[in-house]
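Novice: 3D, please:
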Amino acid sequence: MSGPKTSICVSYKNTDGWHVFASDDLPGLYVAHQNAEVAYNDISDSIEKLLMLNQGIQVKAEPELSFEEFLNALKPSEDSKPQRPLVLSSQRYVVYATQ
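Specialist: Okay, here's the model as predicted:
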């Protein structure tokens with residue numbers, strides 16, 4: 001992709017069974033769903049639409065890791081014991097200018 005690029009940190013929390021993603025880097029970004037994968041996959045479109053509506057900037061946003069890669073990165077290897085419970089956390093989204 002050409003044009004300037006940056007990244008946006010998106011934080012995660014689970015509230016009453018809802019997977020909620022928001023960002024201090026992009027005020028107004030708020031994505032929530034009872035299915036974590038659905039919410040995770042909706043974030044890119046939400047970033048793109050929010051920047052277009054609020055700033056008039058056309059961008060392409062994508063997570064640095066796919067949902068599957070993100071979950072796999074948290075899983076222990078076969079020869080080790082789990083070191084921590086599986087918990088979603090903050091994730092960065094790469095944002096490219098398309099104009």
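
Novice: Please count neighbours and contacts with C-alpha atoms only from this point.
Specialist: Noted.

Novice: Show me what the longest strand anywhere in the chain is packed against.
Specialist: Of all segments of type strand in the chain, defined using DSSP state E, the longest is strand 5-15. Taking 3 or more CA pairs under 8 Å, 6 or more residues apart in numbering; DSSP states H and E as the contact definition, the neighbouring helices and strands of strand 5-15 are strand 18-22, strand 91-97.

Novice: How much space separates Asn41 from Ser7?
Specialist: The spacing between Asn41 and Ser7, counted by CA to CA, to the nearest Å, is 16 Å.

Novice: From Leu65, how far out is Ile43?
Specialist: The span separating Ile43 from Leu65 equals 12 Å under the rule CA to CA.

Novice: Over to Ala36?
Specialist: Between Ala36 and Leu65 the distance, using CA to CA, works out to 15 Å.

Novice: higher neighbour count, those two?
Specialist: Ala36 (18 against 14; other CA atoms under 10 Å).

Novice: Tell me which helix or strand in this structure has the weakest average pLDDT.
Specialist: None of the helices or strands of the chain scores lower by mean pLDDT, DSSP states H and E than helix 67-74, at a mean of 72.

Novice: still on that earlier bit, what would the helices and strands packed on strand 5-15 look like in a markdown table with distance to Val59?
Specialist: Formatted as a markdown table, the entries for these read as follows, by distance: least, CA to CA, whole Å:
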| stretch | distance to Val59 |
| --- | --- |
| strand 18-22 | 18 |
| strand 91-97 | 5 |
